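Trainee: sequence and predicted structure, then a few things I'm wondering about:
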Amino acid sequence: MYNNTQNGKAAAGTAATQAEAQRLSELRYLVLDAVTYSPYATAEEKARTAASVARCQSAEVLVKWYCNVLTLLSERELAPVAYATAEQKKQIICLCNHPAVSRAKKTKTLLNINRLTEAGAVALIAELLALTTTPPTRPAGAGLVVRRNGQLAVAALTGYAGRAVGDGGVSVSYVQAA
């Protein structure tokens with residue numbers, strides 16, 4: 001009979017330990033879920049939280065942590081959005097006036113300029129700078145003339161047609177590439 005009592009206490013202790021382990025697992029999941037899927041948590045915060053939660057062995061600490069995470073993330077959610085500054089808007093407008101920027105891109109950008117956040121404005125400025133600093137491409141073969149001896153000669157693209165190529169070349173008609 002004494003042996004059965006000890007086995008019962010050991011089984012109850014094992015069940016309590018398993019229940020505590022299950023509770024810790026669920027609390028870890030809640031904290032990680034709140035941080036991982038929040039658009040307001042940075043990548044650094046997500047990584048740091050994952051490492052810290054894996055080490056935590058206290059249910060009370062995890063409960064407090066979960067409450068603090070929810071409070072912090074809700075405050076970030078309610079914080080006002082930082083829109084693009086006047087200086088950023090001015091730079092975007094100047095870049096949109098560059099001839100390399102297409103009409104559709106310029107129209108879309110200018111219609112949405114007041115909705116841009118600071119981070120979005122920085123990304124758009126970088127995109128427009130890359131667009132305006134790349135040299136324009138020309139169609140393959142544009143401005144190339146084959147001479148009688150089989151050599152290629154490069155002809156400048158001009159706005160008028162019917163220009164004759166000198167040095168015994170071939171008379172070619174072409175128009176300016178758009």
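Mentor: Done, it's in. In this text the structure is predicted, and so the values were computed from the model without any measurement. Residues are numbered from 1 along each chain as shown.
Trainee: so what's residue 92 up against?
Mentor: Residues near residue 92 by C-beta atoms under 8 Å, 6 or more residues apart in numbering: 84, 109, 113, 116, 121, 124, 125, 128. Using the backbone N, CA and C atoms, a C-beta is placed for each residue, glycine as well.
Trainee: for residue 40, same thing?
Mentor: By C-beta under 8 Å, 6+ apart, residue 40 lies in contact with 73, 76, 77.
Trainee: quick check: it is in a strand.
Mentor: No - going by DSSP: H, G, I helix; E, B strand; the rest coil, the assignment for residue 40 is coil, not a strand.
Trainee: how many neighbours does the closest residue to it other than its chain neighbours have?
Mentor: Leaving aside its sequence neighbours, residue 40 sits nearest to residue 76 (C-beta to C-beta, 6 or more residues apart in numbering; 3.9 Å). Around residue 76 there are 12 other residues, counting by other C-beta atoms under 10 Å.
Trainee: kindly report the same for residue 117.
Mentor: As a burial measure, residue 117 scores 12 neighbours (other C-beta under 10 Å).
Trainee: how about it, what does it touch?
Mentor: By C-beta under 8 Å, 6+ apart, the contact list for residue 117 reads 81, 82, 83, 84.
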